[in-house]
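Asker: Task: produce atomic coordinates for the following.
(chains A and B)
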Amino acid sequence: MGGPGASPLLLRGFELSGPYRRFRIETRRAPPLYREPNRYEPIVRKSRLALLLLREFHTYILSEVFKPSNWRALFTGRFYRELVDGTLWSKFRARWRVLLDRPCIYGVFSGPLGGFRPRKDLCTGCMRCKQEYPDVIEDVVWGREFRSMAFLGYRPEDVYTIWYEAREGKELVKGMGYRGPFAGPGWDSIWLDMSEIVRPTRDGKMGREYISTAVDIGRRPEYLKFDGESTPVKTVRIELPVLFDCAETGWLNRETIAAVVEAARRCGTLALFRVDTYLTLPASGRLYSIPIITPEQVNRLGPGGPAIPLVEVEIQGEPFPPRSGVWADIVIARVSADDSIEERALRLVQMGYDGIHLTAPPDGRNIGGARRHIKDVIRAVHTRLVHARVRDQVTLLATGGILMGEHVPKAVLCGCDAVGIDTSLHIALQARITGRGGVFRVSPRRFDPEWGAQRLTNLMAAWHEQFIEALSAMGKRDGRRLRGDVGRGIFYEDMVREAFGDIEYAGAR
Amino acid sequence: MWPSAIQKHRENLQRGLERLPREVFREDSALGHEGWTRELILATYWQAMTGRPPPGGLEYRVGNRGDGFDSLGFKYLPPSERLPEDEDIDISLPLNRKSYGPAITISCPWYGAGMSYGSVSLNFMVARAKAAQMYNTFTSTGEGGYPDALIPYKDHVITQVSTGMFGVREETLLRCRFMEFKYAQGAKPGLGGHLLADKNTETVAAMREAVPFVSLYQPFPFHSVYSVEDHKKHVDWARTINPNMLVSVKVSTPIDVDMVAIGIYYAGAHIIHLDGGYGGTGAAPEFAKKNIAMPIEFAIPKVHRYLVEEGVRDDIVVMASGGIRTAHDIAKAIALGADGCVIGSAEAIAVGCTQCGNCERGRGCQVGIATTDAELSQLLDVEWAARRIVNLYRAWAIELKNILRALGLRSIRELRGRKDLLVYYGPRYD
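Answerer: Numbering: from 1, shown residues only, chains lettered A, B, ... in the order given. Purely as a prediction, here's the structure:
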C-alpha cells in the first residue's frame, strides 16, 4: 500500500488497490543449454549379447526356414503361390520383427548398434532389460556423473528435480510412492498438515478459488490511529514468498544478473544484490531489486542518489547502526544467524528496523555453537518477536538452506514471511558446481539472459504450484495465514515421542 | 502358432523374474530405494514364485527407511516358550463389528488397495480380483469405474467411491458386499487423484464418462461433505442404496486423524481405512508424497489410543495402509493398534514391478501393470499374475503365523495394540 510520497516501487502495481488481477506465472519450456548427466546406465555384457542375437536368429529365423515342412513345401504349389502373392515375404518380415523387437520400451537399445551401444540418455531405470535378459544385462546402475551431483544438502535427485522444474515450469509428478528415508534432519523432520473433511477452501489446487501467495515486506503499525498523525504503512508486496538472493557476487556474471532481474519482474518478486552490483543495473532493473549495503556504504544511497524504497543493511557487529541513518522507506537488517540472534533481532526491531533478514550457510545447517538448523533459528526468532509483541509489525526473511520448493512452506510455517534462495537459482541456470559437501564453487556459464530468465521463472512457477498445493491441502486461502502456524506442522521428534515413546527402547541399530 | 513379439517378451519376463532373486547385483544398482530396498524387492519376487519366505540370505523383513516399521522389532519369546509348529494359528479377520451389515470374515488380515482402471491395466485388476477370490479376501476397484471383467469376482471386489465420482453407478453399489468412500489418499493428501492425459485412453475415458486424453484431476474433498454430519449423510446414502454391504471410509493422516476417526465411527461406517503419507500411487506430485500428512506408523497408535479412550475401539475395524511391504510390517501395524492392513505395491512387485516410478506415463510401465497401453497390458498374463499374488499371500501367512508363534499368540486378534511386544531401535527424543 503506498502512502503519500511513496517511492515508485511501492506504486508500481503491486499495491492492493487497483484492478483485480489473479496472479499467475507464465511458463514456457526452456530446454537445457548444457548436457544433463544420464541418471541411469545399463551395463551390457556384449559377448553374451552377441550370443543371444545368434540364438534368437536361430530360434526365430533359421529354425523356421529349415523346418522339414518348409522343404517339403518346395515341391508343392503352396510355396510358389505364397512367394508370388507376397505371403512368404510378409511372414518373413513378421518373424524378423519378432527377432528385432527389443525389450526396452524407452528405446535405449534402438540405436543403430542396439545393445552394443545403448542410448543411455533414454534410460529410465525401469530394469526391464535386466528382468528379461538377466544373463546379458549385468545391471542398470546410477550414472556416475549423476551420482556426483550431490553437494551441500542436495541429493542428485534434488538437482534433477530443480532442472526439471526450470525446464518445464511445473512440479514433478511421478508414479509410485515416496522413495526416500523415513525422516531426516532439518526440513525433512517436518510434515505439513492437511484438512480431511472440513475445510474452508473447497476446490483445492485445481479449483476456481484463488489462493494468494502474496507477502508484504516492511513495517506495519500495531494498530491504526485516526488522529491525522499516523505513519503511512510502508510495505512492498511480492507475489510469492521467495526472493532471489544474489549477495554472493563471486557466483554472478552479467547474464545471471540480467536473468535474475528479469525473472524477478515476471514473478512479481525482488532480487537482492550487493550495492556495487545494484548500481550497475539499469533503472528498470532496479525496480525489481534490493541493494544490500554495509553500514559504511550508507552514504552511497543517500539523498541525491537513486531513489531506493527498500534497502538491506548488513550488520555484523555492535554497535548497531541507527535505522534513521539509512535513507529508504523500508530498511531491513541483514544479520547472520548465530546463537544470540533472537535477542539481537529483537533489539534491531526495537531500534526501528522494518524487518530482519537472517542469513545462514548455504546448507542452512550447523548454525552457531548450538549447531542449529535454519528452521530452528527461524522458529526461535519468530517466537521471540511474538513474545515481545512486535512480530506482526515487522518482516522476517531467511536465506540459507532453502534448497527445494518444499522448504518454502515449511520455512513460512516455522515463522518467516519469505525466504531467499541462492544455490538453487544457480542450479536452475546450469552453473558449473564443483566440489563436494559444504565446500563447493559455483561458476556461472554463458547463456542468453532470456533463456535464464525463463528458467528461473519456470522454477518459481513450480515452487508457486507447490506452495499452493500445501495451502490448499490445509484449507488456507492466503499464504500469510501460514506464517508461524506450527500447529499445521507435524514434527518428527514430537511424533516419535507420542507414537513410540511407550515402546521399549532397544538402542539405535 | 508363431509367437508374437509380446509373447516372446512375456515368456522372457516370466523366466527372468524367476532368476532375478538369485542374481548378483552391483552396489550402485538402480534397483530399489530406501523403502523398497533391492533385497525386499527380490525377496518379494521369491515369495511370489515359491509361496514361502526366502530360505536365507535375502532380507525380507525390513527396508532401509531408518525409522518407522524399519526401526521396530518384536520381543520374541525364548525358543523353548514359543508355540509349537503344529499349533493352529488363526489369522482370519472379521470386518464387521457392528450390529448391522453383512458378517464378513477374510482369511488373512489384509486386503488389496484401490487401484483404478486407468491407473493400472485391466489384466492386473483381474489378476488381483482372482487372487482375492482364491484367498478369500478383497481387492478394490479404485476410482475409475467397475469393468465388467471384474463381475465374476464381485463378492471379493470393493467398490470405491471417491471425490471425482468417476464411473460410479448405482448398479455397482448394488452389486457389491463392500464399498469404500475415499476421502483422501496418503500419497497425495488434500489433492485428489491424478490421471495424466497419456493414460486416459478412450476405453478408460468411456468408463469414467470423461473426455479421452485429457488429464483428470479429482476435486478435493467431496463437495457434498462440509462436516461430520454431512459425512454421516454420505454413509447413510450408501447404506440406503445397499444395506447389505460393508462401508469403509478411507482417509489420509493429518495431525487430527484421531478426530477424523471418531467422526467416521459416529457416521456409522464399519471400517476406518487410514492411508499413510508414504503410500503408493499411479501419479502424484513428488512434493505431496514426501511432505504432506504423517506416515502410517504415527497415525495408527494415535487413532487406536483415541478410540480406546472413547470406549468404541471394539465397535469398529481399523485398517492401515501406506508403506506396508511385508508380513512383518503387517504384524507391527497390528501391534501398534490396527486390525489389519491394506496392500498395493507389494502385489505389483509380486508380478514384476521394480519401483521405477514411471507409472504416470501411458507407456511407462515396462511389465504391463500401471499402463493402459493395449500392447503393454498383454505382457501381464492374468493366470500367471494371480498365481504369483496368491503365492505372496501364502508366504506372508506362513511368516505371520511364525511371528505369532514366537510371541506366544494363537490369534492375530490377540496382537492388536500390543505395543508391549514391540521394541524400538530408532532415535530417541525424551
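Asker: make it CA atoms for all contacts and neighbour counts henceforth
Answerer: Noted.
Asker: which ones are touching residue 258?
Answerer: All of this is about chain A. A:449, A:453 (Cα atoms under 8 Å, 6 or more residues apart in numbering or on different chains).
Asker: that's the wrong chain, I meant chain B
Answerer: Residues in contact with residue B:258 (Cα under 8 Å, 6+ apart) are B:299, B:302-303, B:306-307.
Asker: name the element residue A:262 belongs to?
Answerer: helix A:254-267 (DSSP states H and E).
Asker: residue ranges with poor pLDDT in the chain?
Answerer: The chain I'm using is chain A. A:1-21, A:197-208, A:228-231, A:302-307, A:436-438 (pLDDT under 70).
Asker: hmm, I had chain B in mind actually
Answerer: B:1-3.
Asker: Mind jotting down where the strands sit in the stretch 301-430 of chain B?
Answerer: B:317-321, B:340-343, B:422-424 (DSSP state E, counting those that start in this stretch).
Asker: how about the CA coordinates for the first one, as CSV?
Answerer: This means strand B:317-321. Extracted as CSV, the C-alpha positions of strand B:317-321 are listed here (Å, rounded to 0.1, in the frame of the first residue of the first chain):
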residue,chain,number,x,y,z
VAL,B,317,-12.3,-52.1,12.4
VAL,B,318,-9.2,-50.0,11.7
MET,B,319,-7.2,-50.9,8.5
ALA,B,320,-3.9,-49.3,7.8
SER,B,321,-2.1,-48.7,4.5
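Asker: what comes into contact with that strand?
Answerer: Against strand B:317-321 from outside (Cα under 8 Å, 6+ apart): B:95-97, B:270-276, B:279, B:296, B:300, B:333, B:338-343.
Asker: Now, those that are in helices?
Answerer: If you go by DSSP state H, the contacts of strand B:317-321 have B:296, B:300, B:333 in helices.
Asker: Closest to chain A out of those residues?
Answerer: Among the ones in helices among the contacts of strand B:317-321, residue B:300 lies closest to chain A (Cα to the nearest Cα), at 8.4 Å.
Asker: contacting residues for that closest one?
Answerer: Counted by Cα under 8 Å, 6+ apart, residue B:300 has contacts B:274, B:320, B:333, B:336-338.
Asker: nearest to residue A:211, of the residues you listed?
Answerer: residue B:274 (28.2 Å; Cα to Cα).
Asker: The closest one: what's it in contact with?
Answerer: Contacts of residue B:274 by Cα under 8 Å, 6+ apart are B:250-253, B:296, B:299-300, B:318-321.
Asker: before we move on, what about residue A:192?
Answerer: A:410, A:470, A:488-490, B:291-293 are the contacts of residue A:192 under Cα under 8 Å, 6+ apart.
Asker: Chain A contacts on the stretch 201-350 of chain B?
Answerer: B:217, B:219-223, B:225-228, B:251-252, B:254-255, B:260, B:278-294, B:297-299, B:301-302 (Cα under 8 Å from any Cα of the partner chain).
Asker: In the stretch 51-200 of chain A, mark out all the strands, start to finish.
Answerer: Under DSSP E, counting those that start in this stretch, the stretch 51-200 of chain A gives strands at A:137-142, A:173-174, A:190-192.
Asker: can you pull the buried residues of stretch B:357-374?
Answerer: Across stretch B:357-374, burial judged by 16 or more other Cα atoms under 10 Å in any protein chain shown covers B:357-373.
Asker: actually stretch A:267-280, not the one I typed
Answerer: Under 16+ other Cα under 10 Å, the buried positions of stretch A:267-280 are A:267-275, A:277-279.
Asker: hang on, the earlier thing: can you tell me which of the strands of the stretch 301-430 of chain B is most buried?
Answerer: strand B:317-321 (a mean of 27; mean count of other Cα atoms under 10 Å in any protein chain shown).
Asker: quick one, which residue of chain A lies the farthest from its center?
Answerer: What lies farthest from the middle of chain A is residue A:75; by Cα atoms, centre = their mean that is 72.2 Å.
Asker: re earlier: and of the contacts of residue A:192, the nearest to residue A:50?
Answerer: Out of these, the member with the shortest distance to residue A:50 (by Cα to Cα) is residue B:291, at 47.1 Å.
Asker: I'd say that closest one and residue A:407 touch.
Answerer: No - the criterion here is Cα atoms under 8 Å, and residue B:291 misses it with residue A:407 at 9.6 Å.
Asker: the more surrounded of the two?
Answerer: Neighbour totals were compared for residue B:291 and residue A:407, and residue B:291 leads with 28 against 22 (other Cα atoms under 10 Å in any protein chain shown).
Asker: Out of the strands of the stretch 301-430 of chain B, the one nearest residue B:25 is which?
Answerer: Across the strands of the stretch 301-430 of chain B, closest to residue B:25 is strand B:340-343 (Cα to Cα), at 27.0 Å.
Asker: Run me through the strand neighbours of the closest one, direction for each.
Answerer: Applying DSSP bridges, strand B:340-343 is found paired with strand B:110-112 (parallel), strand B:317-321 (parallel).
Asker: could you measure residue A:273 against residue A:262, distance?
Answerer: Separation of residue A:273 from residue A:262 (Cα to Cα, to the nearest Å) stands at 14 Å.
Asker: Residue A:416 now?
Answerer: Distance of residue A:416 to residue A:262, computed by Cα to Cα: 25 Å.
Asker: Of those two, which one has the most company?
Answerer: Remark: of residue A:416 and residue A:262, residue A:416 carries more neighbours, 29 against 24, as counted by other Cα under 10 Å.
Asker: Report the central residue of chain B.
Answerer: Closest-to-mean residue, chain B, Cα atoms, centre = their mean: residue B:343 / 2.1 Å.
Asker: Was I right to think that residue contacts residue B:110?
Answerer: Yes - counting by Cα under 8 Å, residue B:110 is a contact partner of residue B:343 at 6.9 Å.
Asker: so who does residue B:137 touch?
Answerer: B:106-108, B:110-111, B:156.
Asker: run the last query once more with 6 Å
Answerer: For residue B:137, the contact set (Cα atoms under 6 Å, 6 or more residues apart in numbering or on different chains) comprises B:106, B:111.
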